[in-house]
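Novice: A structural model of the following input is requested.
(chains A and B)
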Protein chains: 2
Amino acid sequence: MKENLTIIKVGGKIVEQEDTLAQLLDDFAKIPGYKVLVHGGGRSATQMAARLGVETKMIDGRRVTDSEMLQIVTMVYGGLVNKNIVAQLQARDINALGLTGADMNVILSRRRPAQPIDFGFVGDVSEVNGKCLANIIGEGIVPVMAPLTHDHKGSLLNTNADTIAGEVAKSLTPYYNVTLIYCFEKAGVLRDENDDNSVIPHITYQDFQQLKDEGVIQGGMIPKLQNSFDAINNGVTQVIITKADSVGLEAGTKITK
Amino acid sequence: MKENLTIIKVGGKIVEQEDTLAQLLDDFAKIPGYKVLVHGGGRSATQMAARLGVETKMIDGRRVTDSEMLQIVTMVYGGLVNKNIVAQLQARDINALGLTGADMNVILSRRRPAQPIDFGFVGDVSEVNGKCLANIIGEGIVPVMAPLTHDHKGSLLNTNADTIAGEVAKSLTPYYNVTLIYCFEKAGVLRDENDDNSVIPHITYQDFQQLKDEGVIQGGMIPKLQNSFDAINNGVTQVIITKADSVGLEAGTKITK
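Specialist: Predicted coordinates:
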């Protein structure tokens, strides 16, 4: 029987504040079994860009990454955010290893075509080296993954962290019984986005279609749920969308077929 | 019989210019056998600090690292410089893995005492996990090491790249026949620092003492040679000090007992 592996994806807001990060890492350290952490860092990148006098351009909630912005996200995601998490996990006796997709060639991507929108140095995942990740995980190492991939031609590419979490989860299903947890500021998928008590406890694909038609699920939650169903349809055992302070608890929204 | 391993240490000036970095990585890719790259990045850190309005303070050629400067070197060494090298080595089919000392706990250090000079978040290496490094090297992975270590209490520490190269070399001698190559802008240890044709081809410890007394060897070359002899006295087969564009050639200054 396969052993359990938990993949936690945490967004920028949580990893960028000292107190919420410390709480998250305490909770993460307590999760039993094999695990992986995938982090964002968009807010820090935007702040750093502002300090450097570089304008942040977003289209449909996604960052336009010109060569100067690529340098900033490489510094912030691959350096500042990633290495601080690694050092703080080591202090909790978790043998963390910070990775971008370029490291050991774990995530290869293709630069997104410039049509219809030119997002610049943004990559869509083409291949995850699940075998390499499974090997290091099996040795007790905990990958901490930054939202950067590479094109195998020498360029790093900015890649959505939710997508990385989903693709990594799928790539590990031959080796582990994988649970994927998307953590963010809200308690789960909400029926009323202003009411944290309106969590929808369980969503099937049929529910998703209906809730989308009703306008209950909208905006950034749509791609998050699409990633979730894609993971479920590709062997991931369960996907949970929950609040960062509920990691490891039976809370949030459970996504199943 | 042990297999050969080559450790190349390259300074900031070489890794921070696109053309010299590309040449170095071409040369590095051609080195046969197992290998490790250790890089600096001080000039980029100083430039980034200036852009962010943070003053760079140096004492005896060493960077004073307050908490703001620690963030900058974490971004620049661990992110910008390290991940660009990794991506560019992958493009040359070298299976690179970027590491700080916090990653897999490979280099533990102690924060340097605040007396006689308070350098801030600067670490002196206390332990290198040679076994872990040897394992990943044995799997065909090429570590690319940034000059950052950690204290196992959650803090990264800025650590001299020459020292990291020397300590990593020593830690790998139980597993490999180690050659350590320090690359910099000059052709080797020079008798006349303004004449690249005055390379001293071979220096023993006795020569070193004499050349130091004569004032031929001075400044930043003294700690570099001290690191070299420390490595030689701890099982490293040979140390070479040479120009970056001579990596892999029989050139530069050879250091032996």
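Novice: C-alpha from now on. contacts and neighbour counts both.
Specialist: Fine.
Novice: Contacts only, for A:Pro113.
Specialist: Applying C-alpha atoms under 8 Å, 6 or more residues apart in numbering or on different chains to A:Pro113 gives no contacts.
Novice: so where's the stretch 151-257 of chain A shaky on pLDDT?
Specialist: A:246-250 (pLDDT under 70).
Novice: redo that, cut-off 90
Specialist: Scanning the stretch 151-257 of chain A with the threshold set as pLDDT under 90 gives A:184-187, A:192-196, A:218-221, A:223-224, A:243-251, A:256-257.
Novice: what separates the residue in it that chain B sits nearest to from A:Ser109, distance-wise?
Specialist: Chain B sits closest to A:Gly154 of the stretch 151-257 of chain A, with a gap of 4.1 Å, by C-alpha to the nearest C-alpha. Remark: distance between A:Gly154 and A:Ser109 (C-alpha to C-alpha, to the nearest Å) = 12 Å.
Novice: likewise A:Asp196?
Specialist: Applying C-alpha to C-alpha to A:Asp196 and A:Ser109 gives a distance of 36 Å.
Novice: do the same with A:Phe184
Specialist: For A:Phe184, the distance to A:Ser109 - C-alpha to C-alpha - is 25 Å.
Novice: And these two? Which one has more around it.
Specialist: Using other C-alpha atoms under 10 Å in any protein chain shown as the criterion, A:Phe184 and A:Ser109 rank with A:Ser109 on top: 23 against 19.
Novice: can you tell if stretch A:25-33 touches chain B?
Specialist: No - on the criterion C-alpha under 8 Å from any C-alpha of the partner chain, stretch A:25-33 is out of touch with chain B, staying 11.3 Å away.
Novice: what comes up buried for that stretch?
Specialist: For stretch A:25-33, the neighbour count (16 or more other C-alpha atoms under 10 Å in any protein chain shown) marks A:25, A:27-28 as buried.
Novice: and those as JSON lines, adding distance to B:Ile117 and pLDDT?
Specialist: Below are those laid out as JSON lines (distance: C-alpha to C-alpha, whole Å; pLDDT from 0 to 100):
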{"residue": "A:Leu25", "distance to B:Ile117": "34", "pLDDT": "95"}
{"residue": "A:Asp27", "distance to B:Ile117": "39", "pLDDT": "93"}
{"residue": "A:Phe28", "distance to B:Ile117": "38", "pLDDT": "95"}
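Novice: what's the closest of those to A:Ile240?
Specialist: Closest approach to A:Ile240 among the buried residues of stretch A:25-33 (C-alpha to C-alpha): A:Phe28, at 14.8 Å.
Novice: residue in chain A nearest to chain B?
Specialist: A:Gly79 (3.7 Å).
Novice: which non-adjacent residue is nearest that residue?
Specialist: Nearest residue to A:Gly79 in three dimensions, chain neighbours excluded: B:Gly79, at 3.7 Å (C-alpha to C-alpha, 6 or more residues apart in numbering or on different chains).
Novice: how about the one you found, secondary structure?
Specialist: helix (DSSP: H, G, I helix; E, B strand; the rest coil).
Novice: From B:Thr74, how far out is the residue of chain A closest to chain B?
Specialist: From A:Gly79 to B:Thr74 the distance is 6 Å (C-alpha to C-alpha).
Novice: ditto for A:Val239
Specialist: Taking C-alpha to C-alpha as the measure, A:Val239 falls 33 Å from B:Thr74.
Novice: hmm, back to that, any idea of the pLDDT on the residue of chain A closest to chain B?
Specialist: The pLDDT attached to A:Gly79 in the predicted structure is 98.
Novice: same question, A:Glu139
Specialist: In the prediction, the pLDDT value recorded for A:Glu139 is 95.
Novice: Tell me how many other residues surround it.
Specialist: A:Glu139: 10 neighbours (other C-alpha under 10 Å).
Novice: what's the answer for A:Thr204, then?
Specialist: That count, for A:Thr204 with other C-alpha under 10 Å as the rule, works out to 13.
Novice: sorry, back to before: can you pull the contacts of the residue of chain A closest to chain B?
Specialist: Residues in contact with A:Gly79 (C-alpha under 8 Å, 6+ apart) are B:74-80.
Novice: rerun at 10 Å
Specialist: Counting by C-alpha atoms under 10 Å, 6 or more residues apart in numbering or on different chains, A:Gly79 touches A:72-73, A:85, A:98, A:100, A:146, B:71-83, B:100.
Novice: cool, A:Met1 as well?
Specialist: By C-alpha under 10 Å, 6+ apart, A:Met1 lies in contact with A:175-177.
Novice: Right, I'll leave it there.
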